[in-house]
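*Asks:* 3D model of this:
(3 chains)
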Amino acid sequence: MTIGSMLGDIVKSFFKKPATVKYPFVKQETPENFRGKLIYDPEKCSGCQLCIKDCPTGAIELLVLDKVNKRFVMRYNLDKCTYCAQCVVNCRFNCLKMSEEQWELASTTKEPFEVYYGREEDVKLLLEQAALGEPEEPCKEPG
Amino acid sequence: MDNKKIETFVVPIGPQHPALKEPGHFEFTVDGEIVTDATARLGFVHRGMEKGVEDRTWVQGLYLMERVCGICSHVHAMAFALGAEKLANVQAPPRAQAIRELVGELERIHSHMLWLGVAAHEGGFDTLFMLSWRDRETVMDLLELVSGNRVNYSANVLGGVKIDISAAQKDEILKGMDFLEERSRHYMKVVTEDETFLGRTRKIGVMAYEDARVLGAIGPTARASGVARDVRVESPYAGYVDFPVNIQLSDAGDLEARFVVRINELFESYRVIREILEKLPPGDLAARMPRRIPEGETISRVEAPRGELLYFMKSNGTDKPERIKVRTPSLCNWASVLQTAIGHKLADMPMILAGIDPCFSCNDRMVTIKTPANPDVWDWETLRQFGIEYYK
Amino acid sequence: MNVTFPPLLALLLFPGGLFLLVSGMVFEYIDRKLIARFQNRVGPRWFQPLADFVKLLAKEEVIPTGTNRILFVALPIVALTAALTAALSVPLFGFKPVFSYPADLIATLYLLSTMTLCIGLAGANTEDRFSIVGATRALTQLFSYEAPFLLALLGPAIVLGTWNIGEINQSATNTLWFIVSQPIGFLVALIGLMGKLELPPFDAPEAETEIVAGALTEYSGRGYALFRIGRDVELVIGLTLISAFFLGGFTTPLDFLWKTLLLLLVTAALQSLFARLRIDQTVGLWWKIGAILVLVQLLLIILGTQLSPLVSRIFGG
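*Replies:* Take a look at the predicted model:
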């Protein structure tokens, strides 16, 4: 039966630095396999779309500009992604990985949440087509 | 004096209350400070997940089921994956099973430390709350190191796991285990010896062995009353066949016993994690699973930090499940709370509620509304119409 | 120090009134920061209590139905007024008490209890379950710690032969510190102060996890701000009283500062060490242990005063 059994704790804590990490002035390091933003490399992609089939939320879409010459653009919706990395597991050509540095993805507007990955000229072409007012296909429900 | 009608004084706790971390409604009828009756009403966090998983493929459903609960997310995914593998007759490789157990035990550590802090906070002991949550950061960092995220680890895939343990990670985990073991010994001392804390936990909320059996209590709540129910020991799954755990029991049945049982389970987890890291079997991380799971029904039982978690899974041969029913452990323990609450003081209510480690978001599954007009199962439109009429 | 302030200045600005309110906030900040550091956290910044006060004043005051409107609005004002009035007889900040009269120890203690009475009334006033339970607990706690607290503070008064706080303060600077000669009384007085201010572990009337905010559940905006600042003022006054009596009185403001801050450190440590006591455990603790300890202390004092001429003849002569 003791009274004040945490006395040692509070004395020690008083003389230690607080355990709080003062984010955003101090940032903690993220480990190597941290699941941050998805990164896609179009050069290795073969267009099999296995990643898209298994995405639980429909966050990624593959826009095929030219199947024979393998020109793909991936549209990635940051706000729909659950960062589960199932697409990374499914890809057989190592086109996808999850960044360990880019995880501060909050934003006050919706634009940064739609990311296009691809060769520059392909992305420009797509955005021009969209600006011309071609109707976009609405997002299909998963499955 | 015409005082024939005795006024009942009902204190409502919830759905919005500082004692509850999640919404749930309890009504305690008090007489001064003594509670004479207790009722509960749940269902505030119903999200329709069982319906949602019927529209998604098996792979997508795995990630949806993971998000039933934030604290026990890995065991939900593991139960789903184990059930799907049983239906497809696929055996996950031994390394995958061992890693599943490893992450499951790490999650158990995290959940028990969280519970320790929350229960201390309900009892007004804020220092224990803050310090145990500070030490919990160690296990969260370990989980982030191993799986890539602090919550919702997504370690499971159908057929195995997607993460591997490297040598550097193994060292980090062992270091973390040493630190946590030392701190857990200190907390055990505080919980069993501090005079003011014992005044709040000893002989409070006593549930006898017979009551625990009859009311169907499971998990550490039942083990604290001497009922030896633990799925890891009764029907071992995943890695528990090769790396078993010992069941932790206590006879007292009061709140202090629940603290003691959970901290003892922490020590067991440290031991098992060290054993797994020592003898991690080599091999693949995942076996190949077919996209279309063959027809069948199966039951998948795992031991969540709160008790036995049961998944009933039925497939119809396509790539989408036919029906998945989830029965979470917290649902079984409510009856024990309402029973033991009677006769105690109002001040003990939050600690008794917290003693079963309630996880409200796990609880809310399909609600059956039986009216004389429509006694059958309803379809979507009827339910929607009912909701509109009810809230007019 | 023997500085006489013009009455209006003392009442409104210094050392009572505005300066006391500001120092109440400073003491609250130091208390919260110390507790945070004991729990290995960072704690609030220096302007947090002021920010809380300003924010609460800016919020809408909701008067629930079923209450007596006049009582609802008046009780916080009465509580704060009582606390500020009690401050006038206490040697604040090391200066002579502004308004001193014979036997003002009793009157000051009653004025300090007025705050708890107001909280109890405020809780009983509303129809909310939590407030009624909180009010009951607040009044129960009032009945349990008042007697030992008063008797413990009487210890120095008996030895010095006066019941005037100013004179006790004056004489305490010349005699041996009472913490050495009456340690039990000091302990009971300090813990009694924690009970009066409803600091943990005696915060059952305001138990956040059980009854939301106790008696003050229905208060918001201006009324709540006044209750909170009244409690801070009482913290300052209570610490001043105890350090004046037991830590050898004040002569200068610097003296005041380090003695009260030392007591605040001890109080903060006591706040973080224990779990909350249930209301029946509080009553049991005070009526069993508290009362007995203080009676033992009084007995020792009486024996001491009777035997001291004998002792001094043996050792002095």
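
*Asks:* not counting sequence-adjacent ones, nearest residue to C:Pro15?
*Replies:* C:Leu92 (4.4 Å; CB to CB, 6 or more residues apart in numbering or on different chains). Where you see a C-beta, it was placed from the backbone N, CA and C, and this is true even at glycine.

*Asks:* which parts of the stretch 51-200 of chain B are strands?
*Replies:* Under the criterion DSSP state E, counting those that start in this stretch, strands of the stretch 51-200 of chain B are mapped to B:156-157, B:160-161.

*Asks:* find the centremost residue of the chain, please.
*Replies:* Because you didn't say which chain, this covers chain A. Centroid-nearest residue in chain A: A:Lys37, 2.4 Å away (criterion: CA atoms, centre = their mean).

*Asks:* my question was about chain B, not that one.
*Replies:* B:Arg306 (3.6 Å).

*Asks:* now that residue: phi and psi?
*Replies:* Phi and psi for B:Arg306, reported as degrees, to the nearest 10, are phi -100, psi 0.

*Asks:* how about A:Ile60?
*Replies:* Dihedral angles (degrees, to the nearest 10) for A:Ile60: phi -120, psi 150.

*Asks:* quick check: it touching A:Cys45?
*Replies:* No: counting by CB atoms under 8 Å, A:Ile60 does not reach A:Cys45; the two are 11.6 Å apart.

*Asks:* joint contacts of those two?
*Replies:* Residues touching both A:Ile60 and A:Cys45 (CB atoms under 8 Å, 6 or more residues apart in numbering or on different chains) are A:Met74.

*Asks:* which residues touch residue 77?
*Replies:* All of this is about chain A. So A:Asn77 contacts A:58-60, A:113-115 (CB under 8 Å, 6+ apart).

*Asks:* to clarify, I was referring to chain B.
*Replies:* B:Ala77 touches B:62-63, B:65-66, B:154-156, counting by CB under 8 Å, 6+ apart.

*Asks:* change it to 7 Å
*Replies:* B:62, B:65-66, B:156 (CB atoms under 7 Å, 6 or more residues apart in numbering or on different chains).

*Asks:* and the closest residue to chain A within the stretch 151-300 of chain C, what are its phi and psi?
*Replies:* Closest approach between the stretch 151-300 of chain C and chain A, counting by CB to the nearest CB: C:Leu273, at 4.3 Å. Here the main-chain torsion angles of C:Leu273 (degrees, to the nearest 10) amount to phi -90, psi -20.

*Asks:* the residue lying closest to it once chain neighbours are set aside: what secondary structure?
*Replies:* Take C:Leu273 and drop its neighbours on the chain: the residue closest to it by CB to CB, 6+ apart is A:Gly4, 4.3 Å away. Under DSSP: H, G, I helix; E, B strand; the rest coil, A:Gly4 falls in the coil class.

*Asks:* one more: C:Arg45?
*Replies:* C:Arg45 ends up coil, using three-state DSSP.

*Asks:* for it, phi and psi?
*Replies:* Torsion angles, degrees, to the nearest 10, at C:Arg45: phi -90, psi 170.

*Asks:* and the top helix by length along chain A, which residues are buried?
*Replies:* Scanning chain A for the helix with the most residues, using DSSP state H, yields helix A:120-131. Under the neighbour-count criterion of 16 or more other CB atoms under 10 Å in any protein chain shown, helix A:120-131 has A:122-123, A:126 buried.

*Asks:* quick check: of those residues, which lies closest to chain B?
*Replies:* A:Leu126 (26.7 Å).

*Asks:* surely that closest one is in contact with A:Val64?
*Replies:* No: judged on CB atoms under 7 Å, A:Leu126 makes no contact with A:Val64 at a distance of 10.9 Å.

*Asks:* tell me who's in contact with the spatially closest residue to B:Val103 that is not a sequence neighbour.
*Replies:* With CB to CB, 6+ apart as the criterion, B:Val103 has its nearest non-adjacent residue at 4.9 Å, and that residue is B:Ala155. Counting by CB under 7 Å, 6+ apart, B:Ala155 makes contact with B:74, B:103, B:147, B:161-163.

*Asks:* circling back to that earlier point, just the buried residues of helix A:120-131 now: which is nearest B:Gln169?
*Replies:* B:Gln169 lies nearest to A:Val123 out of the buried residues of helix A:120-131, by CB to CB, at 37.3 Å.

*Asks:* write out the residues of chain A neighbouring chain B.
*Replies:* Taking CB under 7 Å from any CB of the partner chain as the measure of proximity, chain A contacts chain B at A:1-3, A:5-6, A:9-10, A:19, A:31, A:33-35, A:54, A:56, A:82-86, A:89, A:142-143.

*Asks:* which among the residues you listed end up buried?
*Replies:* A:5-6, A:9-10, A:19, A:31, A:33-35, A:54, A:56, A:82-86, A:89, A:142.

*Asks:* out of these, which sit inside strands?
*Replies:* Among these, the subset assigned to strands under DSSP state E is empty.

*Asks:* what does chain C put close to chain B?
*Replies:* So chain C meets chain B at C:38-41, C:129, C:133, C:200-201, C:203-204, C:207-210, C:212, C:272-281 (CB under 7 Å from any CB).

*Asks:* which residues touch stretch A:46-66?
*Replies:* In contact with stretch A:46-66 (CB under 7 Å, 6+ apart) are residues A:67, A:70-77, A:80-82, A:84, A:86-87, A:90-91, A:93, A:96, A:122, A:125-126, A:139-140, A:142, B:56, B:59-60, B:63-64.
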